[in-house]
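Colleague: Sequence below, structure please.
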Amino acid sequence: MAAADGETPFYVIYDFVNLILNESQVDVIQASRWEKNESGFVDYSTKKLIANRISQILCQLLFTRKINDYTYGFRAINREFLFKSNYQEDFQPFFLESLVIPLRLGAKVLSVPAVWQGRSESKSSLTVKNTFLYLRPLLKSRFSTKSRLMKYN
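Modeller: Numbers count the residues shown, from 1 in each chain. Predicted coordinates:
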């Protein structure tokens, strides 16, 4: 899954494929802008960077996982989790939901470093104010029963 906004570094797909072929127990492989090496942000506003970091900390507190980038929408998801998860969101909050529901359902997640590159063609529709839209899938996924997060049992 990748956002079609030109900000996604497609070279990371090689890392995804390598992990898919060599890690039989992985359910979600995701790109992370917060890995220690070879990751980061280019042309990202200071306000958005601070808001993003705060949201990552909140996600880590709620899900107690060693995942450092919950909101980046570039990942490969095992079809089992893709089809059984009861996704409700659209637009940017879907990217968070597409990680936290599989997490709650027991998915094993691995991250690969990526550099986020701001787009030059147009302006992002995500504002600092709109980042509060992420709270709904975050809280719903954390506090709903697992059966409510699934399309079927």
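Colleague: S144: what's it in contact with?
Modeller: Residues near S144 by CB atoms under 8 Å, 6 or more residues apart in numbering: R104. Backbone N, C-alpha and C define where each C-beta goes, glycine included.
Colleague: any idea how far it is from V100?
Modeller: 10 Å (CB to CB, to the nearest Å).
Colleague: Equivalent analysis for Q60, please.
Modeller: Taking CB to CB, one finds Q60 at 12 Å from V100.
Colleague: what about those two, which has more around it?
Modeller: V100 (25 against 14; other CB atoms under 10 Å).
Colleague: what about the chain, any weak spots by pLDDT?
Modeller: 1-7, 119-129, 131, 153 (pLDDT under 70).
Colleague: Which parts of it are helices?
Modeller: 13-22, 46-63, 79-84, 92-104, 135-143 (DSSP state H).
Colleague: Make TSV from the ones you listed and add distance to Q30 to it.
Modeller: Output for the helices of the chain, formatted as TSV (distance: least, CB to CB, whole Å):
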stretch	distance to Q30
helix 13-22	9
helix 46-63	12
helix 79-84	12
helix 92-104	7
helix 135-143	16
